[in-house]
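> I would like to see how this sequence folds:
(one chain, ligands or ions: 3)
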Amino acid sequence: MILSMSGSDSMNLPNLKEAGKRTKKPISFILDEYELPEQFKNIGLNKKYYIKTYGCQMNVHDTENIKALLELMSYEETENFENADIILLNTCAIRENAHNKMFGFLGRVKHLKETNPYVITAICGCMAQEENVVEALMKKYKWVDIVFGTHNIHRLPYLLDNTLTRKEQEIEVFSIEGDVIENIPVKRDSKYKAWVNIMYGCDKFCTYCIVPYTRGKQRSRKPEYIIAEVKELVSQGYQEVTLLGQNVNAYGKDLDVDYTMGDLLEDIAKTNIPRIRFMTSHPWDFDDKMIAIIKKYDNIMPAIHLPLQSGSDRILKLMGRRYTKEKYLELVNKLKHEIPNLMLSTDIIVGFPGETEEDFQATIDVVNTCQYDLAYTFIFSPREGTPAAKMKDETPLIVKEQRLYRLNEVVNKYANMNNQKYLGQKVKVLIEGKGEKGNLMGYTETMKLVNVDGSEENIGKIVDVEITEVKTWSLDGKIK
Ligand code: SAH
Ligand code: SF4
Ligand code: F3S
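Ligands and ions are numbered 1, 2, ... in the order given. A predicted model of the protein is given here:
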């Protein structure tokens, strides 16, 4: 089937209100093989594309789809945007600085466009789903040729063809709950590790977060398609899959079969792929069945990313996170008890509207209790259209920055402490390639980055490594 049906020639502009609506309308599963119409196949002959990706793994994986579509059109990739015939920015809307980075780069593209008006510029990803961004692009960045959203990546060849023939700004962004589209071509960045989407969108609506608006309703892929994808990866020699979703623990809850994340993990473990990872876990949906399955199968990695966001019950409530500090700690306790050698990481926001010193201290307390291996820490960034952006926020930025600094000091202490345990240990490392220092690099089962002494023939293999030196953010080791 040719996937052009979900678009039209009229402009489709983003609408945050529409994007935040959730209805009972059933999801369409579009399962047919993607087929590029003949007339598009040579559009990119002798031409190059450059793509820059911002944001999360979901975006990184979307970029792998975009690359495949462009290569079907005969475009070749270039690492230098100044050599490109088409420049694509796959954007992230999660915080203001993600916005700023993208607009900063767009300034450089503008200079290039002044000397070479034939270069095509396209903006996609989560920022393309935002009304204020698209308004700015239409008013102040008229020279940007194509804007498309997260729901219509498969439409890129059509939009590109339209732009090349019509030579006017082409904007197509759907503010819809979304479908599940299978079989969009993919060009994977790695031959050893693969991203596998298991679900799209999010229905949690945490009050600070833009994702439910930019990615649509929570919709799980059907298990048989996910399992078939993993089996195919096994047959191609892949060593690791990471199952992706905004809330992987809620997998299956929107399907009309009784099949949950625990069931999916078990079926994927049985494919014998050597390593399975998954992210992100929301504390709310982490059930005992999942824990039992993680414990049961050696190929499910003992590395769990469990965002805390805040350790204060008052702030958690304002954030709409649906758990208390006590529930969170109960879960962490269970995980640490059941899964030996667990690597626990988290996300934390400081300076949420109304956060007091006492609330902040409650967060520090949880960090002291959980002793995370790794924590991604952020200052709250108001996102237009989300409830938290309208909340009264009187804490000065300098205070928020100091809290971030203080939090990071504590986080780093535990990161270092947890790494110290590895000194002299023998661990399994999937060697991914050459490291920065000319040696090899890879990750342990517990997601620790290791710089490894050894020969290149180990690339793509899981090898035993002895840890010889420990740093806060990485380990050094040699192949045993
Ligand atoms: N789905 C994941 C998170 C996706 S966003 C989950 O629920 O855990 C990744 C992280 O960005 C979040 O965990 C949160 O810590 C941070 N984040 C999201 N929105 C933010 C905002 N408006 N300001 C600051 N940090 C934010
Ligand atoms: Fe955002 Fe919350 Fe959904 Fe995560 S669970 S993507 S933080 S709304
Ligand atoms: Fe950013 Fe969109 Fe991912 S907002 S974090 S790229 S889902």
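> contacts and neighbour counts: CA atoms only from here.
OK.
> low-confidence ranges in this protein?
1-11, 438 (pLDDT under 70).
> cutoff 50 now
Where the chain drops to pLDDT under 50, the residues are 1-10.
> domains for it, by residue range?
Residue ranges for the domains of the chain, per automatic domain parsing: 16-172, 188-420, 426-479.
> make a markdown table out of those domains and add mean neighbour count and distance to residue 179.
Formatted as a markdown table, the domains of the chain follow (neighbours: other Cα atoms under 10 Å; distance: least, Cα to Cα, whole Å):
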| stretch | mean neighbour count | distance to residue 179 |
| --- | --- | --- |
| domain 16-172 | 18 | 5 |
| domain 188-420 | 19 | 8 |
| domain 426-479 | 19 | 32 |
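> which of those sits closest to residue 181?
domain 16-172 (4.8 Å; Cα to Cα).
> for residue 299, see how far away the closest residue in space to residue 102 that isn't next to it in sequence is.
What sits nearest to residue 102 in space, not counting adjacent residues and going by Cα to Cα, 6 or more residues apart in numbering, is residue 91, at 6.9 Å. The gap separating residue 91 from residue 299 is 33 Å, by Cα to Cα, to the nearest Å.
> of all the domains of the chain, which lies closest to ligand 2?
Closest approach to ligand 2 among the domains of the chain (Cα to the nearest ligand atom): domain 188-420, 4.1 Å.
> quick one: residue 430 and residue 463 touch, right?
Yes. Residue 430 lies in contact with residue 463 (Cα atoms under 8 Å); the separation is 6.4 Å.
> got a list of what the residue in the stretch 251-400 of the chain that ligand 3 sits nearest to touches?
Residue nearest to ligand 3 within the stretch 251-400 of the chain (Cα to the nearest ligand atom): residue 383, separated by 10.3 Å. Counting by Cα atoms under 8 Å, 6 or more residues apart in numbering, residue 383 touches 94, 95, 96, 208, 209, 210, 389.
> for the closest residue to the third one other than its chain neighbours, pull up the helix or strand it's in.
For residue 96, the nearest residue in space outside its immediate sequence neighbours is residue 381; the separation is 6.1 Å by Cα to Cα, 6+ apart. Element membership of residue 381 [criterion: DSSP states H and E] is none; it lies in no helix or strand.
> I figured residue 381 hits residue 98, correct?
No. Between residue 381 and residue 98 there is no contact under Cα under 8 Å: 10.4 Å.
> among the contacts of residue 383, which are located in strands?
Secondary structure from DSSP state E places none of the contacts of residue 383 in strands.
> for the residues you listed, which one is nearest residue 54?
Checking those against residue 54 with Cα to Cα, the nearest one is residue 94 at 10.1 Å.
> and the next element down the chain from the helix or strand where residue 347 lies?
Element membership for residue 347 (DSSP H and E) is strand 343-350. Sequence order places helix 357-370 as the next helix or strand after strand 343-350, per DSSP H and E.
> can you give me the angle the following helix or strand past that following helix makes with strand 343-350?
Sequence order places strand 374-379 as the next helix or strand after helix 357-370, per DSSP H and E. Angle of strand 374-379 versus strand 343-350, following axes from the mean of the first three to the mean of the last three Cα atoms, to 10 degrees, is 10 degrees.
> beyond strand 374-379, next helix or strand please.
In N-to-C order, the element after strand 374-379 by DSSP H and E is helix 397-420.
> which SS class is residue 32?
Remark: residue 32 carries the secondary structure label coil [criterion: DSSP: H, G, I helix; E, B strand; the rest coil].
> next: the one 3 residues further on.
Remark: residue 35 carries the secondary structure label coil [criterion: three-state DSSP].
> oh, and call the first residue 49 from now on, that's how I've got it
Sounds good: first residue 49 from here, last item residue 83.
> got the contact list for the closest residue to residue 103 other than its chain neighbours?
Of all residues not flanking residue 103 in the chain, residue 140 sits nearest, at 4.8 Å (Cα to Cα, 6+ apart). Contacts for residue 140 (Cα under 8 Å, 6+ apart) come out as 102, 103, 104, 107, 146, 147, 173, 174, 175.
> how about a cut-off of 10 Å?
By Cα atoms under 10 Å, 6 or more residues apart in numbering, the residues touching residue 140 are 101-104, 107, 146-147, 149-150, 172-177, 258-259, 262.
> do the same with residue 91
118, 120, 121, 122, 123, 205, 208, 209, 212.
> at 8 Å instead, please
Residue 91 is in contact with 121, 122, 123, 209, counting by Cα under 8 Å, 6+ apart.
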